[in-house]
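*Asks:* Fold the following.
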Amino acid sequence: MNKVWFIMRRELMGYLRSPIGAIIIFAVLVLDGLLFNAFAIGTGSKKSSDVLEAFFYLSSGSILAGSVFVGMRLIAEERQMGTFTLLATSPVKEWQIVLGKYLSALVFLAVMTALTVYMPLLVMVNGKVSFAHILAGYLGLLLIGGAGLALVLFASALAPNQLVAAIVGAVLVVLFLMLWLLSRVAGAPLNDLVGYLSIHDKHFRPFMRGVVSLQDVVFYLSFIYVALCATTRVVEARRWR
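*Replies:* From the prediction side, this is the model:
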């Protein structure tokens with residue numbers, strides 16, 4: 001695990017020291033703030049729980065958008081800069097490379113998401129919501145953000161550069177977001193399977209309402225595991241080339 005930790009720390013420092021990391025955080029925080037004021041709070045009177053639920057719903061979109069820009073560079077940048085060969089010839093296993101890079105991006109995403117905590121705290125101070133509701137919502141954001149990040153990391157392993165990685169990653173994220181729409185037009189029993197694979201509608205809504213369901217947590221963790229395994233196979237194939 002020392003090699004995973006080394007890769008994770010190296011990548012995380014790269015995010016924190018570069019202006020790109022600050023730009024991503026700034027853009028996501030501004031977007032969250034605007035959406036919170038415009039749609040979550042709005043102009044009419046609302047229950048505090050409804051405002052908090054709307055906040056998590058809107059934040060799920062911004063964190064998925066952030067995951068695209070955070071994850072696009074993880075492996076594609078190595079190939080674009082010509083440093084992937086150096087990484088591939090180092091005494092590090094493929095799963096260690098993938099896991100280290102993924103964890104660094106996940107930590108960055110978690111820090112970025114944690115900076116929005118003042119908004120639900122404002123709702124808590126000025127209304128009546130439980131702290132458990134806030135924790136459940138942020139757990140859901142971390143899980144759906146992690147799922148989106150795993151998809152973008154897979155795209156980054158396939159793509160020759162960061163731009164292509166961002167495009168392919170965004171397409172994959174949107175595809176797994178919109179599966180719930182496809183499930184409504186698909187016939188049984190295919191509709192249940194397609195709806196289950198959607199990373200948002202069925203599995204994220206309980207977290208929005210402050211409910212932590214074990215089956216939803218297992219779904220997200222399994223989804224991330226499968227995506228990381230697929231990424232590891234791609235890295236392994238490119239390493240052998």
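
*Asks:* Please count neighbours and contacts with C-alpha atoms only from this point.
*Replies:* Fine.

*Asks:* buried sites along the helix or strand containing G145?
*Replies:* Using DSSP states H and E, G145 maps to helix 131-158. Of the residues in helix 131-158, 133-134, 136-158 count as buried by neighbour count, 16 or more other CA atoms under 10 Å.

*Asks:* Could you tell me the average pLDDT over that helix, please?
*Replies:* Mean per-residue pLDDT for helix 131-158: 96.

*Asks:* After that helix, which helix or strand is next?
*Replies:* Going down the chain from helix 131-158, the next helix or strand is helix 162-177, by DSSP H and E.

*Asks:* Show me what the helix or strand following that following helix is packed up against.
*Replies:* Proceeding N to C from helix 162-177, the next assigned helix or strand is helix 179-185, under DSSP H and E. Judged by 3 or more CA pairs under 8 Å, 6 or more residues apart in numbering; DSSP states H and E, helix 179-185 is in contact with helix 190-197.

*Asks:* average pLDDT for the helix it packs on?
*Replies:* Mean predicted confidence for helix 190-197 is 84.

*Asks:* show me the residues around the nearest residue to H133 once chain neighbours are set aside that make contact.
*Replies:* Counting by CA to CA, 6 or more residues apart in numbering, H133 lies nearest to G210, which is 4.0 Å off, once chain neighbours are set aside. For G210, the contacting residues are A132, H133, I134, L135, A136, G137, by CA atoms under 8 Å, 6 or more residues apart in numbering.

*Asks:* Mind pulling up the pLDDT for G210?
*Replies:* 93.

*Asks:* Quickly find the element holding it.
*Replies:* Going by DSSP H and E, G210 is not part of any helix or strand.

*Asks:* And L16, by the same measure?
*Replies:* For L16, the element it lies in under DSSP H and E is helix 2-17.

*Asks:* In that helix, which residues are buried?
*Replies:* Neighbour count says helix 2-17 has V4, W5, I7, M8, R9, E11, L12, Y15 buried, by 16+ other CA under 10 Å.

*Asks:* dump the residue contacts of F223.
*Replies:* Contacts for F223 were tallied using CA under 8 Å, 6+ apart; they are A147.

*Asks:* That one is in what secondary structure piece?
*Replies:* helix 214-240.

*Asks:* Can you list the buried residues in that helix?
*Replies:* Those would be 216-217, 219-221, 223-224, 227-235, for helix 214-240 by 16+ other CA under 10 Å.

*Asks:* Following the chain past the helix or strand of the chain with the lowest mean pLDDT, name the next helix or strand.
*Replies:* Every helix and strand of the chain was ranked by mean pLDDT, DSSP states H and E. The lowest is helix 84-88, at a mean of 71. Next along the chain after helix 84-88, taking DSSP H and E as the criterion, comes helix 94-114.
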